[in-house]
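Peer 1: pasting a predicted model and its sequence here:
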Amino acid sequence: MRTDTIAAVATAAGSAGIGIIRISGENAIAVADCVYRSKNNQKKLADAVSHTIHYGFIYYQEELIDEVMVAVMKAPHTYTCEDIVEIDCHGGILVINKILEAVLQSGCRLAEAGEFTKRAFLNGRIDLSRAEAVMDIISSKNEFALKSSAHQLTGSLSQKVRSLREMLLYEIAFIESALDDPEHISLEGYPVKLEQKVLHVRADIQKLIDSADNGKILKEGINTVIVGKPNAGKSSLMNLLAGEEKAIVTSIAGTTRDILEEQIRLHGIGLNMIDTAGIRDTNDEVEKLGVEKAKKYAENADLILYMVDASCPLDENDDAIIKLISGKKVIVLLNKNDLATVVSERDIKEKFMETEKMTDMSENFDYTIIKTSTKENTGIDKFEQVIKDKFFHGEIAVNKEIYITNQRHKEALQEAFQSLELVLASIENQMPEDFYSIDLMDAYSALGRIIGEEVGDDLVNEIFGKFCMGK
């Protein structure tokens, strides 16, 4: 582990009200004293009480750079468990860079991406799952993702994993002790007791694995594609949900020819929204390319919003669209209900039933019909509950529940689950007790990777290399 003193800009790039330069390491305070002067040039930061803020100026080579506030935090009660100094300066790009240069020239080096949090992990202040929650908070795209990440930062996942590991470790130690000292520790009847405990741990792990589908959506959002015939109201829907004119809307069919993408927040749920070209047979080469793109995006979508112009009859283009979206989660938006309508919910259901018979995919259709008018903004309020019903298993309660939002965690849990399955198989087949111990240890190790107790340097470097500078 590198223990030299590091520094970096801890605020986002660009001009702002303030900028923060963070310094961490054994010589952090001495480095800051090289560039800092108090108002009367009488106080040194080395003499400061921990967790105090000081007013003064930053100088470099006797040149005044900026008026600042400096926070001094002494080890071990800091983010990195090392001495930390944070210089709060004015947020101009030039002044921030000049102060950083002065700090680096005074005896420290530029921090690597994520190195402050990496030091917090290596110094034992946080485990790996909580460190990853820090990055998830920074990259949160919606309210649910933020709440879930903040919950994990408090140690909810860590505590659960440690509890499961303690239960496994107790059984491993008992088996090993019994095998070493059979005269005093009996294993008679033990497989039955072990089976119940393994079933309990396995059930808890399965619950965490099951939460991963919800967790992925909470973190990344729902990949949502709007499809339909030209002039059905797809672009109007995109503009309505985005709250601004993102797409050109005209009465001319085929106006949208390329893909429009937008991040939408719908009552805290993230929708990665894609507006596509209207799907129809066309001789226009440019429009034809747009239609092909629309079909490609629809194939990979988590959710399809199928816009239907209720004021126009259904035709062969609708047949093609319904066939295309078979097997997907679909919300049918029966649009333009502010006009005289010729398409009813029954008509839509009959079209789906026809396609079900033709494609023999009746078990894979999952669609809900909502009457809407993008012109009058009606029906959109039903979106939230329909989306929750389609994507979230059970009630969403991110303040209480643990959601697995990290693929690495999910894979470790799956490996632990499989190891416990082997333990149960060994019990059923009346295998020797040392077989139990081997697979229990594998499950214990797999869970340890989640919190960083069973990981190598390469994985640690890879994880923290994804962090932003200054964090």
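Peer 2: Nice, thanks for sending it over. Numbers count the residues shown, from 1 in each chain.
Peer 1: what's near enough to touch M135?
Peer 2: 114, 117, 466-467, 471 (CB atoms under 8 Å, 6 or more residues apart in numbering). All C-beta atoms are positioned from the backbone trio N, CA, C, and that covers glycine.
Peer 1: give me the buried subset of these.
Peer 2: In the contacts of M135, burial by neighbour count holds for 114, 117, 467, 471, counting by 16 or more other CB atoms under 10 Å.
Peer 1: the strand or helix carrying A7 - what's its average pLDDT?
Peer 2: In the assignment (DSSP states H and E), A7 maps to strand 6-9. Mean pLDDT, computed over strand 6-9, is 96.
Peer 1: now do stretch 166-186
Peer 2: The model assigns stretch 166-186 a mean pLDDT of 88.
Peer 1: cool, stretch 346-364 as well?
Peer 2: Here the average pLDDT along stretch 346-364 is 72.
Peer 1: confirm M469 sits in a strand?
Peer 2: No - assessed with DSSP: H, G, I helix; E, B strand; the rest coil, M469 is coil; it does not lie in a strand.
Peer 1: for the stretch 51-200 of the chain, which spans come out with low pLDDT?
Peer 2: 142 (pLDDT under 70).
Peer 1: now the strands for this protein?
Peer 2: 6-9, 16-24, 36-38, 52-60, 63-73, 84-91, 109-110, 222-228, 260-266, 269-275, 303-309, 329-335, 366-371 (DSSP state E).
Peer 1: mean neighbour count and distance to S426 added to those, as JSON lines?
Peer 2: Below are those laid out as JSON lines (neighbours: other CB atoms under 10 Å; distance: least, CB to CB, whole Å):
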{"stretch": "strand 6-9", "mean neighbour count": "24", "distance to S426": "49"}
{"stretch": "strand 16-24", "mean neighbour count": "21", "distance to S426": "49"}
{"stretch": "strand 36-38", "mean neighbour count": "18", "distance to S426": "64"}
{"stretch": "strand 52-60", "mean neighbour count": "16", "distance to S426": "60"}
{"stretch": "strand 63-73", "mean neighbour count": "18", "distance to S426": "52"}
{"stretch": "strand 84-91", "mean neighbour count": "21", "distance to S426": "50"}
{"stretch": "strand 109-110", "mean neighbour count": "14", "distance to S426": "52"}
{"stretch": "strand 222-228", "mean neighbour count": "24", "distance to S426": "41"}
{"stretch": "strand 260-266", "mean neighbour count": "16", "distance to S426": "49"}
{"stretch": "strand 269-275", "mean neighbour count": "23", "distance to S426": "44"}
{"stretch": "strand 303-309", "mean neighbour count": "25", "distance to S426": "43"}
{"stretch": "strand 329-335", "mean neighbour count": "24", "distance to S426": "40"}
{"stretch": "strand 366-371", "mean neighbour count": "17", "distance to S426": "40"}
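Peer 1: got the ones you listed as TSV, with distance to F121 columns?
Peer 2: Output for these, formatted as TSV (distance: least, CB to CB, whole Å):
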stretch	distance to F121
strand 6-9	15
strand 16-24	13
strand 36-38	29
strand 52-60	27
strand 63-73	18
strand 84-91	16
strand 109-110	19
strand 222-228	32
strand 260-266	30
strand 269-275	28
strand 303-309	36
strand 329-335	38
strand 366-371	42
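Peer 1: out of the ones you listed, nearest to E183?
Peer 2: Nearest to E183 among these is strand 16-24 (55.0 Å), distances taken as CB to CB.
Peer 1: average pLDDT for the closest one?
Peer 2: Here the average pLDDT along strand 16-24 is 93.
Peer 1: quick check: angle from the helix ranked longest in the chain to strand 222-228?
Peer 2: Counting residues, the longest helix in the chain under DSSP state H turns out to be helix 190-220. For helix 190-220 against strand 222-228, the angle by axes from the mean of the first three to the mean of the last three CA atoms, to 10 degrees is 50 degrees.
Peer 1: got the angle for helix 190-220 vs strand 269-275?
Peer 2: Using the same axes, to 10 degrees: helix 190-220 against strand 269-275 is 50 degrees.
Peer 1: ok, and for helix 190-220, which residues are buried?
Peer 2: 190-191, 194, 198, 201-202, 205, 208-209, 211-212, 214-220.
Peer 1: picking that back up, among the contacts of M135, which one sits closest to I226?
Peer 2: Nearest to I226 out of the contacts of M135 is K466 (CB to CB; 31.6 Å).
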